[in-house]
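Novice: Quick one, fold the following:
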Amino acid sequence: MTTEKYKPQLNFVNEMALSKKGIIDEIKTDLTAMMITLDYGKDDIRYNDAIDKILAINLRKLLCEKKNNVLEKVCPDFKMPPLKGNILHCDKLSKGFCIVCGPYSLDKDINNWISINEWREQNIAYHTIQPDDVYPYFDNIIFKQICNKMKPNDKDTFKGLFTDCFLECMGKTFEGKKLKSVDYSGQLLRLLNKIGYYDLSLYTFIKHLTDKTAAHIDYNISFLIKTINANDLNIRTPIKDLSFQLIYAIKTQIPYFRDFSLQNLKCNE
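Specialist: As a prediction, the model looks like this:
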């Protein structure tokens, strides 16, 4: 019998689950990064885009991960303050378009807070429109994206409302879809509302800010995401406000972080 020699190799297939201490340390690193970033950019708006990008990445990791969320592993009932701000009506930009602007109020009574799942689904921007306001045209790319988000029965119904056409935009002609009749506007609005076509959830908002521009949204309107995160009257953009709320929520609910601050952070910890 021949004995073969085995040589272990470095690989990236095996996974190791973090212990509770490991998860705490991971949260600590993310929290430290957020606090340093907020402290660095508190008096200078020149680096807002870069600062908000860093903060959005940490918000996405800590709040938008739907599986194996590290916060829920150490605090199964982890909650966030609900999104409460000033409603800005932007009819000039788009009819019935509203943005929930900061500064966001912080209800310190944890009994009024909501679960991470509920928090993700809140809308930071949305449309309040009637069937008569629904735009009756789609280019083929957006039409296909809408179909991909629908359940089979809704998809068949949606396709049946449209007919092929040619559209002209900015001097270019391309193939698209046109609503067969204005009588279908109410049915179309109901179908679009079911997939959140007119709503921008916090989950989608944060996810988009951490992805490549226009990766998941129509390139013609992707600038709206940054517009929503802009704040000309206050250095604290929505992303900064959400970051402060997350830090407060972590310090309130996870005992290890109660007294955590940059001042008492030791470099050798």
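Novice: Residue ranges of each domain in this protein, please.
Specialist: In terms of domains, the chain is parsed into 20-129+198-257, 132-194 (source: automatic domain parsing).
Novice: so how far is the last one from its chain's centroid?
Specialist: From the chain centre to the centre of domain 132-194 is a distance of 25 Å (C-alpha atoms, centre = their mean, to the nearest Å).
Novice: just stretch 115-134 next, same as before
Specialist: Counting by C-alpha atoms, centre = their mean, stretch 115-134 comes out at 12 Å from the chain centroid.
Novice: Export it to PDB, keeping only CA atoms.
Specialist: C-alpha atoms of stretch 115-134 as PDB (Å, rounded to 0.1, in the frame of the first residue of the first chain):
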ATOM      1  CA  SER A 115     -37.200  46.200  13.700                       C
ATOM      2  CA  ILE A 116     -34.500  46.300  11.100                       C
ATOM      3  CA  ASN A 117     -36.800  44.700   8.600                       C
ATOM      4  CA  GLU A 118     -39.400  47.400   9.100                       C
ATOM      5  CA  TRP A 119     -36.700  50.100   9.000                       C
ATOM      6  CA  ARG A 120     -35.300  48.900   5.600                       C
ATOM      7  CA  GLU A 121     -38.800  49.100   4.000                       C
ATOM      8  CA  GLN A 122     -39.400  52.800   5.000                       C
ATOM      9  CA  ASN A 123     -39.500  55.200   2.100                       C
ATOM     10  CA  ILE A 124     -37.100  58.100   2.000                       C
ATOM     11  CA  ALA A 125     -38.800  59.300  -1.300                       C
ATOM     12  CA  TYR A 126     -42.100  58.400  -2.900                       C
ATOM     13  CA  HIS A 127     -44.700  59.600  -5.400                       C
ATOM     14  CA  THR A 128     -48.300  60.500  -4.400                       C
ATOM     15  CA  ILE A 129     -50.000  60.400  -7.800                       C
ATOM     16  CA  GLN A 130     -53.400  59.500  -9.300                       C
ATOM     17  CA  PRO A 131     -54.000  57.200 -12.300                       C
ATOM     18  CA  ASP A 132     -54.300  60.200 -14.600                       C
ATOM     19  CA  ASP A 133     -50.700  61.200 -13.700                       C
ATOM     20  CA  VAL A 134     -49.200  57.800 -14.700                       C
END
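Novice: what sits up against that stretch?
Specialist: 63-64, 66, 69, 71-72, 77-80, 82-83, 94-100, 179, 182, 185-186, 188-189, 192, 198-203, 205, 224, 228, 238 (C-beta atoms under 8 Å, 6 or more residues apart in numbering). From N, CA and C alone the C-beta is placed, and that goes for glycine too.
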